[in-house]
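> Fold the following, please.
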Amino acid sequence: MTLLLGGARSGKSAHAERLVTAAPAPWTYIATAQAYDDEMTERIALHRARRGDGWQAIDAPLDLIEAIAGVPDGRPLLIDCLTLWLSNHLLADHDVEAESEKLVEILAKPRGNWVVVANEVGLGIVPDNALARKFRDAAGRLNQRIAAKAGRVLFMVAGLPLQVK
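As a prediction, the model looks like this:
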C-alpha cells in the first residue's frame, strides 16, 4: 500500500492515478467526496473525465470499509480521499476513532496494489474553532496510523512526489 499525502492542489490525485494505472486494468476507484454544491459537482466531474476508461468507480462517502472489502483480490485500488471520508463521519457525528480503527485494520492487509490519498492538514496555523481543531487532530492521527502500515509514503509538493517512507 502507498499512502499519498499533500496539500490542496498538490497533484495527489493525478499522481495516485498514474501509480495505479501502471498495473493492468481494470482498476477500482473508491471516491469519498459528496457533491454538496456546484463547485464540488464540477470537481467530481473533472476527476471522472480525467480517469477515462478502465476504472470501476465506487462512491463510498461513509461506507469505505465495506467498499474496500468488496474489491477483488489483486485488483489495483485507488482510494481518494481519507480526509473527505473523515469529514463525512465528523459531520454525521459518528464515532471517528472507532471508524478509523476499522479502516486502519482493513488497510493494513492490502490485497493488491493499493494507493490511498489523504490531505496533510497540520502544516498551517492552529484553527480558531473547536470543530476545525478536532478535524485537524483526527486527520493527523489517522494519517500517522495509515503511514505506519503503508509500505510506501509519498508527500506531494507542487506536483512532485517526495518519498517519505
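> Now do the strands in the chain.
Ranges of strands within the chain are 2-6, 27-31, 55-59, 77-80, 114-119, 152-157, 160-163, based on DSSP state E.
> Any chance of TSV for these, columns distance to A69?
The C-beta positions use only the backbone N, C-alpha and C, and glycine is treated the same way. Formatted as TSV, the strands of the chain follow (distance: least, C-beta to C-beta, whole Å):
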stretch	distance to A69
strand 2-6	19
strand 27-31	11
strand 55-59	11
strand 77-80	11
strand 114-119	13
strand 152-157	23
strand 160-163	28
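> looking at those strands, which is closest to I146?
Of all the strands of the chain, the one in closest proximity to I146, counting by C-beta to C-beta, is strand 2-6 (5.3 Å).
> Give me the contacts around that closest one.
12, 15-16, 19, 114-120, 143, 146-147, 150-157, 161, 164 (C-beta atoms under 8 Å, 6 or more residues apart in numbering).
> for stretch 96-110, same thing?
Stretch 96-110 is contacted by residues 1, 64-65, 68-69, 77, 82, 85-86, 89-90, 114, 116, 138, 141-142, 145-146, 149 when judged by C-beta under 8 Å, 6+ apart.
> Over to stretch 125-132?
With C-beta under 8 Å, 6+ apart, stretch 125-132 has contacts from 90, 133, 135-136.
> Tell me the buried residues within those.
90, 135 (16 or more other C-beta atoms under 10 Å).
> Please narrow the contacts of stretch 125-132 to those residing in helices.
Taking DSSP state H, the ones among the contacts of stretch 125-132 that sit in helices are 90, 133, 135-136.
> low-scoring pLDDT stretches of the protein, where are they?
In the prediction, the chain carries no residues with pLDDT under 70.
> residues of stretch 75-92 that come out buried?
Within stretch 75-92, the residues scored as buried using 16+ other C-beta under 10 Å are 75-90.
> Return the distance of the residue of the chain positioned farthest from its centre relative to R136.
Each residue of the chain has a distance to the centre, and by C-alpha atoms, centre = their mean the biggest one is for D128: 25.3 Å. Counting by C-beta to C-beta, to the nearest Å, the gap from D128 to R136 is 11 Å.
> Please apply the same query to A23.
According to C-beta to C-beta, A23 and R136 sit 34 Å apart.
> With E105 instead?
For E105 relative to R136 (C-beta to C-beta), the value is 23 Å.
> cool, and E99?
Separation of E99 from R136 (C-beta to C-beta): 17 Å.
> Also G159?
24 Å.
> Likewise for L5?
From L5 to R136 the distance is 14 Å (C-beta to C-beta).
> Repeat that for E39.
According to C-beta to C-beta, E39 stands 22 Å off from R136.
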